[in-house]
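Undergrad: Using only what follows, build the 3D model:
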Amino acid sequence: MKPKPISTERAPKAVAAYSQAVQCGDLIFLSGQIPLDPASGALVPGDVSVQTRRVMDNLQAVLAVAGSDFDHVVKATIYIVDMNEFAKVNDVYASYFKSEYRPARVTVGVAALPRGASVEIEMLAVPAS
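TA: Numbers count the residues shown, from 1 in each chain. Got it, this is the predicted structure:
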């Protein structure tokens, strides 16, 4: 089975040699999203809550074009620069999951992220249908 790249203009263009997402069979691998504005490609200003909301909106756009949604995410990895901001990131992240279901997840503290972002999130999902 051949992997199929997935992309949408409703999320930022890839800033390096990767796809926004790749589907292989029933698995959708979403690349890490940092808080870039899809229209300008610029880092969204604001605190970690504002940046996390932009990241989740970007991921939602990629999930939609892939025929999926947050209820079909099976695993998420969150990278944050300041672990003291964990509660803020978690609150925004949790608000995107409307059902009782929550995917498996790991949160990792990192020294730095591309373009000076405070947060980056990657996901693994399955199609909604």
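
Undergrad: continuing past the longest helix seen in the chain, what's the next helix or strand?
TA: For the chain, the helix with the greatest residue count under DSSP state H is helix 48-65. The helix or strand immediately downstream of helix 48-65 is strand 73-80, counting by DSSP states H and E.

Undergrad: if we can go back for a sec, buried residues, the longest helix of the chain. List them.
TA: Neighbour counts over helix 48-65 (16 or more other CB atoms under 10 Å) mark 48, 51-63 as buried. C-betas here are computed from N, CA, C, even on glycine.

Undergrad: which residues of this structure fall in helices?
TA: Under the criterion DSSP H, the chain contains helices at 48-65, 86-95.

Undergrad: Now the last one: buried residues?
TA: The reference is to helix 86-95. Buried residues in helix 86-95, counted by 16+ other CB under 10 Å: 88-89, 92-93.

Undergrad: Distance from the chain centre to it, please.
TA: Here helix 86-95 is found 13 Å from its chain centre; the criterion is CA atoms, centre = their mean, to the nearest Å.

Undergrad: Show me what that helix is packed up against.
TA: Counting contacts by 3 or more CB pairs under 8 Å, 6 or more residues apart in numbering; DSSP states H and E, helix 86-95 packs against helix 48-65, strand 73-80, strand 104-109.

Undergrad: can you give me the angle the second one makes with strand 104-109?
TA: Looking back up the chat, that one is strand 73-80. In terms of direction (axes from the mean of the first three to the mean of the last three CA atoms, to 10 degrees), strand 73-80 departs from strand 104-109 by 10 degrees.

Undergrad: what does the model give residue 1 for pLDDT?
TA: Turning to residue 1, the model gives it a pLDDT of 87.
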